[in-house]
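>>> From the sequence below, what's the structure:
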Amino acid sequence: GGAGPCVPSGPETCSSSADEDCDGTECSLWARRYGSATDYEEPFYVSVTPSGEVYFMAYLENGSVEFGGETIAADATHSAFFGKLSASGEDLWFKTLPSPSPFGVTADDDVVLTYPFTGTIDLGGGPLTSNGASTAIVAYASDGSHRWSKVVSGPVYISRMAQAPGGELVFQATAGASSTYDGAPLTTGAAKLFFAVDSSDGTALWERPYVVSASSNFNPDQFAISPTGEILVAGSYNGALDLGGGVLPTGNDGVFLARYDADGNHIQSRRFCNLSCSTQGFLPGPNGELYFSGQTIGVVSIGPYTLSYPSSFVARLDEQDDVVWLKSFSKSGDSYISAPELSLKADGNIAFAHGYHGTAAWPFGSLTGIGEGDLAAGAFDPDGNLLWVRTFGAPNAWLQYGITFFAGQPGGETTLALKLFQGAVDFGS
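Numbers count the residues shown, from 1 in each chain. Prediction:
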C-alpha cells in the first residue's frame, strides 16, 4: 500500500510497488470518481473508442454527479447519465436519458445507443414515434452531434451490440412476430435473432434467427464479434436448447458457447460445463481463440479440469472451443473472490481484474486483502503464464466486487470501471 520509491531502472512493469520510470505514478495514469456521498450511483455500460476516449452510462437513482463543472441530477423523467471522457480522463460532454441502456462505439469513434421508449421522443434528429413499446437506435458523432436514428417497433429487447470487421453493427435481440425495424418487418418467426445495420446511416442489412428451440431457462448474456468476423454467444441454460447444431446436453444448470459466421449462420455450439457455473469475461482473441472466465457452484468439469466449489476461473479455448488451459481462483473460510473480468491488451496479453476479501488462493499463490473489499489486477500471456499482479485496497475501505468494465486501449493501457466503492482507494495516481 502507498507509493513506492522512485527506482530509475526502466519502464513501468507493475510487478512491484516501485515507480520504476520515476514519472510520479505507479501503473495508474488517471482515476476519476463520480457520485454524491448520500446517494447511489452505478456505471451500467462503459466503452472505449479506437482513439482511447471513454464513454460511460450511469444510473443516478435520486442522486447527482459533478461533470465538467456542472451538477447533473436525476429527475422524474431522467435517471441515466451518459458521459464522454478524453483518453486522459477529462470530462468532454454528457447527455441525460430516461434510463440506462446498452451502447457501443464504432471504428469511426461514433457512439450508438439503444433506447426503449413509448410515445414520441427527439434524440437530436427530429421526433421519433413509437408503435406501442418501441426501441430507438441512435448514433452520435464523437462530438455528441446527432448522426442518425431509427425505431424498432413492437415487442423487442436489444441486449447486446458489436461492430463487425466489415463495419456493420450487429445486434442481439429478442423480438415478436410483429416487430419492425425502420418500418420494415424485422423477425423471421424466431424470438431470438441477430440483425445487422450499416453503421454510417442505420440502413438494415440482414437478420437471422439464432435459436432453433429453447425450453426452461435460457440466458444469452455474453456477446462478441471476433477479429475474424465470427459472432460469438455464451450464457446459461437449463433444459433443452438447440442453437442450430442439435439439442445440447440437458441436466443441471450449465453454460453454452456458440459461434456463427458473419451473416449469422450457425457454425458450432456446445455445452461448456457439466454443472452449475456462470459466465463473466468473454474475450475473442485475434486467431479464433476465446478467453473465458466465470464462477462455479459445486464440483464442475470444464474440459480436462475439475473445479470444486467455490471457484472462479480464467480459461483459454481454441477455435473448436476445446480448453487449452485454465487457471482457477478459490477462497476459504469467510473470504470471497469474484469472477475475473478480462481485457485483451494491445500486445496480445490478457489482463484480468476481480474483487476479493480475506485470503484468496490464486494460480500463483495466496493473497490477503487489507480492506473490507480489495481489487486485484494482473496479466497472463497467451500461454497462460502469469506476467504480473497488483492489488489495491485500504484499511476499512470497500471496493464493490462487481467490476462493470475492463478493456484494453490502443496504446496498451487498460480502462477499468468499478461498480461502487466506499472509503478510499489509491490506484497509484
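
>>> With just CA atoms, put the worst-scoring helix or strand of the chain on mean pLDDT into PDB.
The weakest-scoring helix or strand in the chain, judged by mean pLDDT, DSSP states H and E, is strand 403-408 (a mean of 74). Coordinates of the C-alpha atoms in strand 403-408 are reproduced here as PDB (Å, rounded to 0.1, in the frame of the first residue of the first chain):
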ATOM      1  CA  ILE A 403     -16.300  -4.700 -12.000                       C
ATOM      2  CA  THR A 404     -18.600  -3.100 -14.600                       C
ATOM      3  CA  PHE A 405     -16.000  -2.800 -17.300                       C
ATOM      4  CA  PHE A 406     -12.400  -3.700 -18.100                       C
ATOM      5  CA  ALA A 407     -11.000  -3.200 -21.600                       C
ATOM      6  CA  GLY A 408      -7.700  -2.600 -23.400                       C
END
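
>>> what's that strand in contact with?
Contacts of strand 403-408 with the rest of the structure, by C-beta atoms under 8 Å, 6 or more residues apart in numbering, involve 42-48, 56, 281, 338, 341-346, 351-355, 375, 414-419. Every C-beta, even on glycine, is put in place using the N, C-alpha and C of the backbone.

>>> buried stuff in that strand?
If you call a residue buried by 16 or more other C-beta atoms under 10 Å, then strand 403-408 has these buried ones: 403, 404, 405, 406, 407, 408.

>>> Would you list the strands that it pairs with, along with their directions?
Within its sheet, and counting by DSSP bridges, strand 403-408 is paired with strand 414-418 (antiparallel).

>>> need the next SSE after the strand it pairs with, C-terminal direction.
Tracing the chain C-terminally past strand 414-418 and defining elements by DSSP states H and E, one meets strand 421-422 next.

>>> Can you say which helix or strand has the nearest residue to residue 305 once chain neighbours are set aside in it?
Ranked by C-beta to C-beta, 6 or more residues apart in numbering and with sequence neighbours excluded, the top spatial neighbour of residue 305 is residue 326, at 4.6 Å. Assigning secondary structure by DSSP H and E places residue 326 in strand 323-331.

>>> That strand packs against which elements?
If contacts are counted by 3 or more C-beta pairs under 8 Å, 6 or more residues apart in numbering; DSSP states H and E, strand 323-331 sits against strand 305-307, strand 311-317, strand 336-337, strand 359-362.

>>> quick one on the thing from earlier: in helices only, show me the contacts of strand 403-408.
Taking DSSP state H as the definition of helices, the contacts of strand 403-408 contribute nothing to them.

>>> Now the buried members of these.
Using 16+ other C-beta under 10 Å as the threshold, 42-48, 56, 281, 338, 341-345, 351-355, 375, 414-419 are the buried ones among the contacts of strand 403-408.

>>> Of the residues you listed, which belong to strands?
Applying DSSP state E to the buried ones among the contacts of strand 403-408, the entries found in strands are 42-48, 56, 281, 341-344, 351-355, 375, 414-418.

>>> Please state the offset of stretch 169-182 from the chain centre?
Distance of stretch 169-182 from the chain centroid (C-alpha atoms, centre = their mean, to the nearest Å) equals 22 Å.

>>> Let me see the mean pLDDT of that stretch.
Along stretch 169-182, the predicted local confidence has a mean pLDDT of 88.

>>> ends of it, how far apart?
Distance between the boundary residues of stretch 169-182 (C-alpha to C-alpha, to the nearest Å) amounts to 15 Å.

>>> ok, and for it, which residues are buried?
With burial defined by 16+ other C-beta under 10 Å, the residues of stretch 169-182 counted as buried are 169, 170, 171, 172, 173, 174, 175, 179, 180, 181.

>>> which intervals of the stretch 151-300 of the chain have sub-threshold pLDDT?
The stretch 151-300 of the chain contains residues with pLDDT under 70 at 188-190, 251-252, 275.

>>> hey, where'd the helices end up in it?
When secondary structure is read from DSSP state H, counting those that start in this stretch, the stretch 151-300 of the chain shows no helices.

>>> and residue 106, what does it touch?
Each residue near residue 106 by C-beta under 8 Å, 6+ apart is listed here: 112, 139, 163, 167, 169, 199.

>>> Could you count how many residues lie near the residue nearest to residue 305?
Using other C-beta atoms under 10 Å, residue 326 has 19 other residues around it.

>>> Would you agree it is in contact with residue 312?
No. Counting by C-beta atoms under 8 Å, residue 326 does not reach residue 312; the two are 11.0 Å apart.

>>> Without its sequence neighbours, what residue ends up closest to residue 392?
What sits nearest to residue 392 in space, not counting adjacent residues and going by C-beta to C-beta, 6+ apart, is residue 375, at 4.5 Å.

>>> Quick check: bridge partners of that neighbour?
In this entry, residue 375 is beta-bridged to residue 355, residue 392, by DSSP bridges.

>>> how about it, what does it touch?
So residue 375 contacts 353, 354, 355, 356, 391, 392, 393, 399, 403, 418, 425 (C-beta under 8 Å, 6+ apart).

>>> mind running it again at 7 Å?
Residue 375 is in contact with 353, 355, 391, 392, 393, 399, counting by C-beta atoms under 7 Å, 6 or more residues apart in numbering.

>>> do the same with residue 240
Shown here is residue 240, whose contacts under the criterion C-beta under 7 Å, 6+ apart are 213, 215, 247, 250.

>>> what's the closest of the buried residues of strand 403-408 to residue 387?
For residue 387, the nearest member of the buried residues of strand 403-408 is residue 408. The distance, counting by C-beta to C-beta, is 13.9 Å.

>>> Roughly how far does the closest one sit from residue 344?
Taken as C-beta to C-beta, to the nearest Å, the spacing of residue 408 relative to residue 344 amounts to 5 Å.
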